[in-house]
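Novice: I'll drop the sequence and a predicted model, then ask my questions.
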Amino acid sequence: MSRQSSFVLKLDKLTKSYGKSRGIENVSLDIPKGEVFGFLGPNGAGKSTTINIILDLLRPTSGSVTLFGANANKHAASVHKHIGYLSGDMETDLSLTGKQYLEYTANLRGGVDKKKINELVKRLRCETDKKIKNLSRGNRQKIGLVAALMHDPDILILDEPTSGLDPLIQSEFNAIIREHKKRGKTTFMSSHVLSEVQEVCDRVGFIRNGKLVSVSPLKALIANAPRRVRVVFKNDAPDSRLKTLGGVSDLYENAHSREFTYKGDYNKLIQALVTKPIVDLQILEPSLDELFMEFYRADSREVESV
Amino acid sequence: MFKSIFSKSLFTLRWQFFGWLLAIFGIVFFTMILYPSFSQDGIEGLVNSVPPELKSLIGEISDFKTIPGYIGQQIFGPNLYIISIIMSIMIFLGISASEEADGRLQTLLSYPVSRTQIYFHKLLAASLIVALISCSVFIGIQISLLLINETADAGKIWESITGFTLINLVYGIIVFATAMLTGSKGKTILVASGYTVLSVFITSLAPAVEGLKHIEQFSLLHYYNNPQIMTNGLNGEHMLILGGVGIVLIIIGWLGFIRRDVRTN
């Protein structure tokens, strides 16, 4: 298998322009088989535009999307056989019951094993006898999730998939994604529930103002990220040393305690701290929320500077 | 019922189908059973008092005195086709622009179905519904003819129904092609209602207003029931024009739909 074909999904310099308004610009990304990829960014950054191009709802201004070796825009119908898709605001014929909708989507896929559908319905505790219009948003999402998973797709494309789901079903959803991965299948998801992304994703990409600004394995991203440091001193704090130490930011002073973000050589940090007696020291691993906020703050600063 | 986009579309349109079927059947039935009243003496004064500009809307004296004239004017004339064209517009709009506006089309496109498949399945489903409702006119006419002890040439009725079905379909196709070409419900309603109102206006008034005569041929209604099919038979050339316009619009709508972006939120 060639290197190129080892990628399930390949975005190559993908650009979408909407006249004056922003779309996405030169987004390139390779998703290998079996990976769970988290696609993150604030509202309007370009996440849904990217997903809509992958699904051939939008056509790129330039660049291409390759799914399983085929151009996703030129061969959409055949490529979609491999895809399970769910958006956060799934819309369908509200007059259908859940059962009718699942029967219809199974037929659109050319027939799906009813046993598999029933398993998913049972697992996600779906209400399939009621009309979709009478279901809560969360219950509609569950029906959509069954429709996305029923054919055991090679790639799941999820756009804010768990919006409206209760914590129990979110947890079940995460378990399903992990099992999907275990079977060697791929997932590409955008989400605002960063704890969920942190729990299931192998790699994450941040998109900002239509540009993919960072793609990194989640573990490496967290390992290389600045840490939040909390120190409680017995008496005075070594403020002059902390303020002159490179890599210290967001310093908060409160009586004998100091809290700050640090990115740099930990030996130098320790040397600076131990000049005063320490009562307690915590160096905290950042959450994905904090990393996301860091990107978002950078975005705001850019906007302000403009 | 959920085997394909076509059968699912028929299911989606079921209430519109039953509603419009009853409405059209009802209009035909009640118009027909009033024939004996209209055909009696006394109608002449009323018809003659109508200004010539409005004669095309209510017809001539002969259109009230004979069954073919009455069916040709009162059933297949403006009274019914204005309503049936509105029906056709609503049915085709519901299955095209409305589904895109509320996101159902986007969900459907994420499945392994081609845009061409979606386009023609929906077109076929809406066309079948409109054709069936249009054909129900035959049943309405026949039942009422039995009740009023009259007869009419069934062949001529079917010819009229063919023209009636075709004009309804062409106006529906204008909506469908515009919706699939633009993806915009607002633009579709504007184009469809704008063109329909203009064409009814032009065709109704052209016989009496000199200035409208040179643009009359741009109204598709000019090619329907002109002259009355019930008395003169189908005009093959007119049917070809209506059919040709329909086919051209279908092709334009299809080519536009397979090339454009689908509206996303």
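Specialist: Sure thing, it's come through. Residues are numbered from 1 along each chain as shown, chains lettered A, B, ... in the order given.
Novice: Roughly how far does B:F25 sit from B:F11?
Specialist: Using Cβ to Cβ, to the nearest Å, B:F25 is found at 22 Å from B:F11. (Each C-beta comes from the backbone N, C-alpha and C, glycine too.)
Novice: er, B:N232 I mean
Specialist: Distance check for B:N232 against B:F11: by Cβ to Cβ, it reads 40 Å.
Novice: Let me know whether the longest helix seen in chain B sits next to chain A.
Specialist: Identified as the longest helix of chain B according to DSSP state H is helix B:115-147. Yes: Helix B:115-147 lies within reach of chain A by Cβ under 8 Å from any Cβ of the partner chain, at B:115, B:117.
Novice: now swap in stretch B:80-97 and tell me
Specialist: No: Stretch B:80-97 does not reach chain A (Cβ under 8 Å from any Cβ); its nearest approach is 11.1 Å.
Novice: Lowest average confidence across helices and strands of chain B, where is it?
Specialist: Here the helix or strand of chain B ranked lowest by mean pLDDT, DSSP states H and E is helix B:55-58, holding a mean of 66.
Novice: Heading C-terminal from that one, find the next helix or strand.
Specialist: The C-terminal neighbour of helix B:55-58 among helices and strands, as given by DSSP states H and E, is helix B:62-65.
Novice: what helices or strands is that following helix leaning on?
Specialist: Where contact means 3 or more Cβ pairs under 8 Å, 6 or more residues apart in numbering or on different chains; DSSP states H and E, helix B:62-65 is packed against helix B:35-39, helix B:43-48, helix B:67-70.
Novice: coming back round to it: B:N232 and B:F11 - which one has more neighbours?
Specialist: Per other Cβ atoms under 10 Å in any protein chain shown, whichever of B:N232 and B:F11 has more neighbours is B:F11, with 17 against 14.
Novice: on that earlier part again, mind giving me a markdown table with the helices and strands packed on helix B:62-65 and columns for mean neighbour count?
Specialist: Shown next, in a markdown table, are those (neighbours: other Cβ atoms under 10 Å in any protein chain shown):
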| stretch | mean neighbour count |
| --- | --- |
| helix B:35-39 | 15 |
| helix B:43-48 | 12 |
| helix B:67-70 | 20 |
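Novice: ok so, going back, report the buried residues of the longest helix of chain B.
Specialist: Counting neighbours by 16 or more other Cβ atoms under 10 Å in any protein chain shown, one finds that the buried residues in helix B:115-147 are B:115, B:118-123, B:125-127, B:129-131, B:133-138, B:140-142, B:144-145.
Novice: Which strands and helices lie in contact with it?
Specialist: Using 3+ Cβ pairs under 8 Å, 6+ apart: helix B:115-147 touches helix B:5-12, helix B:14-33, helix B:78-95, helix B:104-109, helix B:154-182, helix B:236-259.
Novice: Identify whichever of those lies nearest to A:T92.
Specialist: Counting by Cβ to Cβ, A:T92 lies closest to helix B:104-109 out of the helices and strands packed on helix B:115-147; the figure is 5.4 Å.
Novice: Quick one: closest of the helices and strands packed on helix B:115-147 to B:T203.
Specialist: For B:T203, the closest of the helices and strands packed on helix B:115-147 is helix B:78-95, at 8.3 Å, according to Cβ to Cβ.
Novice: And that closest one, what's buried?
Specialist: So, applying 16+ other Cβ under 10 Å, buried residues of helix B:78-95: B:78-82, B:84-95.
Novice: Please apply the same query to stretch A:23-30.
Specialist: Buried residues in stretch A:23-30, defined by neighbour count with 16+ other Cβ under 10 Å: A:23-25, A:27, A:29-30.
Novice: Quick check: of those residues, which lies closest to chain B?
Specialist: Nearest to chain B out of the buried residues of stretch A:23-30 is A:G23 (Cβ to the nearest Cβ; 10.4 Å).
Novice: Tell me who's in contact with the residue in the stretch 51-200 of chain A that chain B sits nearest to.
Specialist: As assessed by Cβ to the nearest Cβ, chain B sits closest to A:E91 within the stretch 51-200 of chain A, at 3.3 Å. Contacts of A:E91 were listed using Cβ atoms under 8 Å, 6 or more residues apart in numbering or on different chains, and they are B:102-104, B:106-107.
Novice: In a helix, A:T261, correct?
Specialist: No: under DSSP: H, G, I helix; E, B strand; the rest coil, A:T261 falls outside any helix and is assigned strand.
Novice: what's the burial count for the one residue in the stretch 201-306 of chain A that gets nearest to chain B?
Specialist: Closest contact between the stretch 201-306 of chain A and chain B, by Cβ to the nearest Cβ, is at A:G210 (14.9 Å). A:G210 is flanked by 21 other residues according to other Cβ under 10 Å.
Novice: Kindly report the same for A:R123.
Specialist: Around A:R123 there are 16 other residues, counting by other Cβ under 10 Å.
Novice: same question, the one 4 residues further on
Specialist: Burial of A:E127, expressed as a neighbour count using other Cβ under 10 Å, amounts to 18.
Novice: and the residue nearest to it when sequence neighbours are not counted, what helix or strand is that in?
Specialist: Closest residue to A:E127 apart from its sequence neighbours, by Cβ to Cβ, 6 or more residues apart in numbering or on different chains: A:N139 at 5.6 Å. Using DSSP H and E, A:N139 maps to helix A:137-149.
Novice: So for that helix, could I get the coordinates as CSV, restricted to C-alpha?
Specialist: Extracted C-alpha coordinates of helix A:137-149, given in CSV (Å, rounded to 0.1, in the frame of the first residue of the first chain):
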residue,chain,number,x,y,z
ARG,A,137,-33.4,17.1,20.7
GLY,A,138,-31.3,14.5,22.5
ASN,A,139,-33.6,11.7,21.5
ARG,A,140,-33.5,12.9,17.9
GLN,A,141,-29.7,12.9,18.0
LYS,A,142,-29.7,9.3,19.2
ILE,A,143,-31.8,8.3,16.2
GLY,A,144,-29.3,10.1,14.0
LEU,A,145,-26.4,8.3,15.8
VAL,A,146,-28.0,4.9,15.0
ALA,A,147,-28.4,6.0,11.4
ALA,A,148,-24.7,7.0,11.3
LEU,A,149,-23.5,3.8,12.9
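Novice: Around chain A, pick out the residues from the stretch 101-250 of chain B.
Specialist: B:102-104, B:106-115, B:117.
Novice: Just the buried subset of those, please.
Specialist: Neighbour-count burial (16+ other Cβ under 10 Å) is assigned, among these, to B:102-104, B:106-115.
Novice: List just the nearest of the residues you listed to A:T128.
Specialist: For these, the closest approach to A:T128 (Cβ to Cβ) belongs to B:T107, at 17.4 Å.
Novice: what residues are up against that closest one?
Specialist: Contacts of B:T107 were listed using Cβ under 8 Å, 6+ apart, and they are A:87, A:90-92.
Novice: What mean pLDDT does the longest helix of chain B get?
Specialist: For helix B:115-147, mean pLDDT rounds to 96.
Novice: and the angle from it to helix B:154-182?
Specialist: For helix B:115-147 against helix B:154-182, the angle by axes from the mean of the first three to the mean of the last three Cα atoms, to 10 degrees is 150 degrees.
Novice: B:S184 against B:A97, yeah?
Specialist: Yes: look at B:S184 against B:A97 with Cβ atoms under 8 Å: they come within range, at 6.8 Å.
Novice: So the two - more neighbours on which side?
Specialist: Applying other Cβ under 10 Å to B:S184 and B:A97 shows that B:A97 carries more neighbours, namely 26 against 16.
Novice: quick one: contacts of stretch B:156-167?
Specialist: Here stretch B:156-167 makes contact (Cβ under 8 Å, 6+ apart) with B:68, B:71-72, B:75-76, B:80-81, B:84-85, B:130-131, B:134-135, B:137-138, B:141-142, B:220-221, B:223-225, B:229-231, B:233-234, B:238-239, B:242-243, B:246.
Novice: Repeat that for stretch A:165-176.
Specialist: Outside stretch A:165-176, the residues touching it (Cβ under 8 Å, 6+ apart) are A:123-125, A:138, A:141-142, A:145, A:149, A:161-162, A:193, A:196, A:199-200.
Novice: can you check stretch A:105-122 too?
Specialist: Stretch A:105-122 is contacted by residues A:81, A:98, A:102, A:126, A:128, A:145-147, A:149-152, B:2-5, B:108, B:111-113 when judged by Cβ under 8 Å, 6+ apart.
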